[in-house]
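**Q** Predicted structure and sequence below. I'll ask about it afterward.
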Amino acid sequence: MSEDSRPKKAYNNLEFLNSPEGRTIRILSEFYEPQARFRTEKIKDTIVFFGSARLLSGKDALANLEKVKESEDKSSEEYASKLKKAEKLVAMSHYYDEAEILAERLTKWSATLPGNGKRLTICSGGGPGVMEAANKGAFQAGGKSIGLNISIPFEQFVNTYVPSELAFEFHYFFMRKFWFIYLAKALIVFPGGFGTMDEMMEILTLIQTHKVKKHIKVIIYDSNYWKKVINFDALVEAGMVSPEDLNIIEFCDTIDEAFEKITTSFEDNFLHE
C-alpha cells in the first residue's frame with residue numbers, strides 16, 4: 001500500500017475532529033492547548049478585565065463624532081441616530097482610557113514582584129473596547145498580556161496588542177470562561193452589556209457557592225453605572241441573596257482606588273506563594 005493510499009490517522013482526520021463525535025476532543029483541546037502555552041510562557045496568575053467591546057478611546061470617539069458631523073445629509077433620521085450614538089461613545093470613552101491606564105499601572109507594578117514566573121499578567125477577552133484597552137495598557141508598560149478570544153459573528157477579533165503566543169481563539173464559551181477564572185487572582189468589571197454581565201454573574205455565582213475557593217478580588221468599576229443597571233440592594237431586600245453575598249464585590253470609582261484594592265489583596269493573600 002502506497003503512502004498516499006493509507007487511511008488517515010484519527011488525529012489527522014479533520015472530518016472526524018469537526019464532527020459531533022469529535023466534540024469531546026475539541027473541548028479537551030481548548031483545555032490542554034492553552035495550558036501548554038501558559039506553562040511555556042510561565043504564566044502563573046492573572047488580573048482579568050471585563051467590559052464592553054463597543055467602547056472607543058477618547059481620541060477615537062472624538063474622531064468618530066467629527067466624521068459623523070461631516071455628513072452631507074444632516075436632516076435625515078439616520079444622521080440623528082448616528083450623531084446620538086457617536087455622542088454617547090464620546091461620553092463613555094473615559095472607561096476605555098481608564099482601563100488602559102489601570103492595566104499599564106498594574107503591569108508595571110507586577111514587574112516588581114519577586115518569584116519565578118509572570119505574576120498577575122493582564123488578561124482580557126482579546127477583542128476591541130475595554131478588552132483592547134487592557135491589552136494596550138500592558139503593552140505600553142512593556143509587558144505581555146493574554147487575549148482569550150471567542151468566535152462569534154460580530155464585534156470580536158484579536159486586537160493588535162495581544163502577542164501571538166498568548167492569543168487564543170475559543171469555540172466554546174464555557175472553556176473560555178474556565179480560563180478566565182482558573183488563573184485569576186483579581187477581576188475588574190468595567191461597564192458593559194449582556195456579555196459582561198454574563199461573565200460577571202457566573203463568577204459571582206461560583207464564588208457564592210464556593211466552587212471557587214481561592215480569594216479573588218472582584219472589582220465593579222463605576223458604582224453609578226452598575227447600581228443603575230443592577231439593583232444589588234433590591235436582591236438583598238427581596239431575600240434573593242444574603243447580605244453577606246454582596247461582600248464578594250467591591251465598587252470602585254477611580255483608577256487609584258481600583259489599583260490600591262487589587263494590589264493590597266494580592267500582597268495580603270498571595271505574595272508569598
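**A** Received, thanks.

**Q** From here on, just use CA atoms for contacts and neighbour counts.
**A** Fine.

**Q** Now do the longest helix belonging to the chain, average pLDDT.
**A** Identified as the longest helix of the chain according to DSSP state H is helix 77-110. Averaging pLDDT along helix 77-110 gives 95.

**Q** Relative to the whole chain's centre, how far out is it?
**A** Centre-to-centre, helix 77-110 and its host chain are 15 Å apart (C-alpha atoms, centre = their mean, to the nearest Å).

**Q** and it, which residues are buried?
**A** By neighbour count with 16 or more other C-alpha atoms under 10 Å, helix 77-110 contains the buried residues 79, 82-83, 86-87, 89-90, 92-108, 110.

**Q** just checking, what packs against it?
**A** If you count contacts as 3 or more C-alpha pairs under 8 Å, 6 or more residues apart in numbering; DSSP states H and E, helix 77-110 packs onto helix 58-69, strand 121-124, helix 130-140, helix 255-269.

**Q** Just the mean pLDDT for the third one, thanks.
**A** Put plainly, it is helix 130-140. Taken as a whole, helix 130-140 has an average pLDDT of 98.

**Q** which residues sit against that helix?
**A** With C-alpha atoms under 8 Å, 6 or more residues apart in numbering as the test, helix 130-140 has contacts from 49-53, 55, 57, 95-97, 99-107, 122-126, 144-147, 159, 161-162, 190.

**Q** next one: the shortest one
**A** Applying C-alpha under 8 Å, 6+ apart, the set of residues contacting strand 121-124 from outside is 43, 45-50, 103, 107, 110, 131-132, 134-135, 138, 144-148, 180.

**Q** L271 belongs to a strand?
**A** No - applying DSSP: H, G, I helix; E, B strand; the rest coil, one finds L271 to be coil, outside a strand.

**Q** what's around it, how many residues?
**A** 14 (other C-alpha atoms under 10 Å).

**Q** For I181, see how far away it is.
**A** To I181, L271 is 19 Å away according to C-alpha to C-alpha, to the nearest Å.

**Q** low-confidence ranges in the stretch 101-250 of the chain?
**A** Within the stretch 101-250 of the chain, the stretches with pLDDT under 70 are 116-117, 154-156.

**Q** residue ranges for the strands of it, please.
**A** Remark: strands assigned in the stretch 101-250 of the chain by DSSP state E, counting those that start in this stretch are 121-124, 145-150, 167-170, 184-189, 217-221, 249-252.

**Q** winner for burial among these?
**A** Most buried of the strands of the stretch 101-250 of the chain, by mean neighbour count (mean count of other C-alpha atoms under 10 Å): strand 121-124, with a mean of 28.

**Q** one step back: redo the helices and strands packed on helix 77-110 as JSON lines? Include distance to Y172.
**A** Output for the helices and strands packed on helix 77-110, formatted as JSON lines (distance: least, C-alpha to C-alpha, whole Å):
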{"stretch": "helix 58-69", "distance to Y172": "31"}
{"stretch": "strand 121-124", "distance to Y172": "16"}
{"stretch": "helix 130-140", "distance to Y172": "19"}
{"stretch": "helix 255-269", "distance to Y172": "29"}
